[in-house]
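Asker: coords please:
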Amino acid sequence: MRIWSRARLSPTGVPNVSIGSTWFGKNSMTIRRPSNDALAAHRTIEITTVGRRTGEPRRMEIWWFYVEGRFFITGPPGTRDWYANVNGDPKVIVHVGGRDLPASAYPVNDPETRSMVFDSRLTRWYSGAAQRQRLIDDGPMIEIKF
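Answerer: Here you go, the predicted model:
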């Protein structure tokens, strides 16, 4: 199991990542990404997606869940801009614990995986707020991969 991976900062300490074809700047130094357990300690994060129509970065605050060694973002059924943006371009930046981490986001359509997420003790309160089966069938869900 890989605990550390690489992210980059510019020499001034400013995150040197972007959403597009180039993720890292030319003059960057290597830092280490925290372990998944350290990242999972933060329930509230921010993500930056690429606007599906404008191509501009879109940053928003959202909750994520660490379930069975995987990171998921979900929401109640309905149209969500962040979900549409990820469907257009899977590159995202996860802003967590003072770090800006490049990642990819993939829609989760498999009913077994969706059930696993909503059956987790971490999300049980969430699936109780809306009808569980409706969340499994219609709620937007993505998996974040670093």
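Asker: mind listing the helices for this structure?
Answerer: Using DSSP state H, the helices found in the chain span residues 36-40, 81-88, 111-119, 124-129, 132-138.
Asker: just say which of these is most tucked in.
Answerer: helix 81-88 (a mean of 18; mean count of other C-beta atoms under 10 Å). Backbone N, C-alpha and C define where each C-beta goes, glycine included.
Asker: how far off centre is it?
Answerer: 12 Å (C-alpha atoms, centre = their mean, to the nearest Å).
Asker: do the same with stretch 116-128
Answerer: That offset, for stretch 116-128, works out to 18 Å (C-alpha atoms, centre = their mean).
Asker: centre of the chain to the longest strand along the chain, how far?
Answerer: Ranked by residue count and defined by DSSP state E, the top strand of the chain is strand 99-107. Counting by C-alpha atoms, centre = their mean, strand 99-107 is centred 5 Å from the centre of its parent chain.
Asker: give me the contacts around it.
Answerer: For strand 99-107, contacts defined as C-beta atoms under 8 Å, 6 or more residues apart in numbering pick out 7, 15, 17, 23, 33-34, 47, 49, 73, 83, 86-87, 90-95, 140-146.
Asker: repeat that for stretch 75-86.
Answerer: 47, 49-52, 58, 60, 62, 73, 92, 105-107, 129-130, 134-135, 137-142.
Asker: end to end, how far does that stretch reach?
Answerer: 14 Å (C-alpha to C-alpha, to the nearest Å).
Asker: likewise stretch 125-138?
Answerer: End-to-end span of stretch 125-138 (C-alpha to C-alpha): 18 Å.
Asker: give me phi/psi at the residue nearest to Arg134 when sequence neighbours are not counted?
Answerer: Excluding the flanking residues, the one nearest Arg134 by C-beta to C-beta, 6 or more residues apart in numbering is Pro77, at 5.8 Å. Here is the backbone geometry of Pro77 (degrees, to the nearest 10): phi -60, psi 150.
Asker: burial count for Pro77?
Answerer: Pro77 has 14 neighbours, counted by other C-beta atoms under 10 Å.
Asker: tell me the spacing between it and Pro140.
Answerer: 8 Å (C-beta to C-beta, to the nearest Å).
Asker: repeat that for Tyr126.
Answerer: 13 Å.
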